[in-house]
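A.B. asks: Provided below are the primary sequence and the corresponding predicted coordinates.
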Amino acid sequence: MGIHIFQGHEPSLKSSYINVVIDVIRAFTVTHHAFIQGAAGILLAGSEEEAFRLKQKNPDFLLAGEAGGLPIAGFDLDNSPANVFNFDLKNKFLIQKTTNGVTATLNSLDAQYVFVTGFSNAKTTAEFIKNKLMDPNSDQLVNIIASHPEGDDDLACAEYIAGILQGQCSCSAEEAAERIKHSHAAQKFFDESNPQFNKEDMGFCMKELAEGFVMKVNYNDRIPMIERVNV
C-alpha cells in the first residue's frame, strides 16, 4: 500500500483509495468539537457566497468558518473550537467555509473514502483506517493532505498519521503536539497584540481526544457533507 503526504489546499492528486485531509489550526478541530457537541452533519462550502446560498435554502443550518482566520460577517459561528465548545449543537447541521481545510477537502474528493481530521482526532482516524480499511498486501493508495500550504502544524499531524499507518514512530504524539505549538500558524494565538485570535483555541488543537468516531466526507455528486461515523 502506498502512503503519500501532500502539502497545501490545492493538491495534485490521482484517484485514490483513501484521502485524509488535515486542518489542525483550526477547521477540523472545530468540526471534531462540533460533533462532540451533537452536530448532525457539516456541509462544505467553497466560498462565502455558496455558504450563504446554502443557508438561504436551509434557514435552520448554522454558518461556521473564517476568511483570513477571522470571523465572517453574517456567520453564526467563527472558526474557534473554544467557542464551538460552548454551543449546544445537538441535531444541528452546519455549513462550513474555511481557507485551507475545506478548500483542500473539496479538491480531494476523488477517492473511495475521504476523511478529515485535526490532531485531536488524528490517532482515532489513523487507527480506524489501519484496522478497518487497509490491506497491507494491496496496491491501494492513501493520500494524506496537510492543508496549510506552509505550516508545520498540519505537516506534523500528517507525519504522525503516516507513522501509525506504517507501524513506525516517525513522529510521536508528543513531537507532533510540540511542532503544532511552535508552528508559524500558532504564534498569533500566543501574541497578546492579536486578541482576535483566542489563545484557548490552541489547547483544543493540541489535545488528543478518544471520542470513538471518525469524520467521513459523504459525496455523491451533491454538496459534500462531513458525517460522524462511530468506530
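C.D. replies: Sure, I can see it. This structure is a prediction, so every number in the text was calculated from the model and none was measured.
A.B. asks: residues contacting Glu3?
C.D. replies: Heads up, residue 3 is Ile, not Glu. Val142, Ile144, Ala162, Leu165, Gln166 (Cβ atoms under 8 Å, 6 or more residues apart in numbering). C-beta coordinates here come from the backbone N, C-alpha and C atoms, glycine included.
A.B. asks: 6 Å instead?
C.D. replies: By Cβ atoms under 6 Å, 6 or more residues apart in numbering, the contact list for Ile3 reads Val142, Ala162, Leu165.
A.B. asks: element containing it?
C.D. replies: strand 2-7 (DSSP states H and E).
A.B. asks: quick one: contacts of the next helix or strand after that strand?
C.D. replies: On the C-terminal side of strand 2-7, the closest following helix or strand by DSSP H and E is strand 16-22. Strand 16-22 is touched from outside by 104-105, 108, 111-117, 140-147, 154, 157-158, with contacts defined as Cβ under 6 Å, 6+ apart.
A.B. asks: just those: which are in helices?
C.D. replies: Using DSSP state H, the subset of the contacts of strand 16-22 located in helices is Ala104, Thr105, Asp154, Cys157, Ala158.
A.B. asks: so what's the residue count around the last one?
C.D. replies: Read that as Ala158. Other residues near Ala158 number 28, with proximity taken as other Cβ atoms under 10 Å.
A.B. asks: do the third one as well
C.D. replies: When neighbours are counted by other Cβ under 10 Å, Asp154 registers 34.
A.B. asks: need the contact list for it.
C.D. replies: Contacts were defined as Cβ under 6 Å, 6+ apart; by that measure Asp154 touches Ile22, Val24, Ala146, Ser147, His148.
A.B. asks: test my guess that the last one contacts Gly101.
C.D. replies: It stands for His148. No. Taking Cβ atoms under 6 Å as the definition, His148 is not a contact partner of Gly101, at 8.6 Å.
A.B. asks: mind checking which of those two has more residues around it?
C.D. replies: The neighbour count for His148 versus Gly101, taken as other Cβ under 10 Å, is higher for Gly101 (32 against 24).
A.B. asks: the nearest residue in space to that one that is not next to it in sequence: neighbouring residues, count only.
C.D. replies: Closest residue to Gly101 apart from its sequence neighbours, by Cβ to Cβ, 6 or more residues apart in numbering: Asp23 at 2.8 Å. A count of neighbours around Asp23, defined by other Cβ under 10 Å, yields 33.
A.B. asks: begin at 484 from now on, thanks
C.D. replies: Sounds good: first residue 484 from here, last item Asp506.
A.B. asks: any idea how far the residue nearest the centre of the chain lies from Gly557?
C.D. replies: Here the mean C-alpha position of the chain is nearest to the C-alpha of Phe511 (Cα atoms, centre = their mean), at a distance of 2.8 Å. With the distance defined as Cβ to Cβ, to the nearest Å, Phe511 ends up 23 Å from Gly557.
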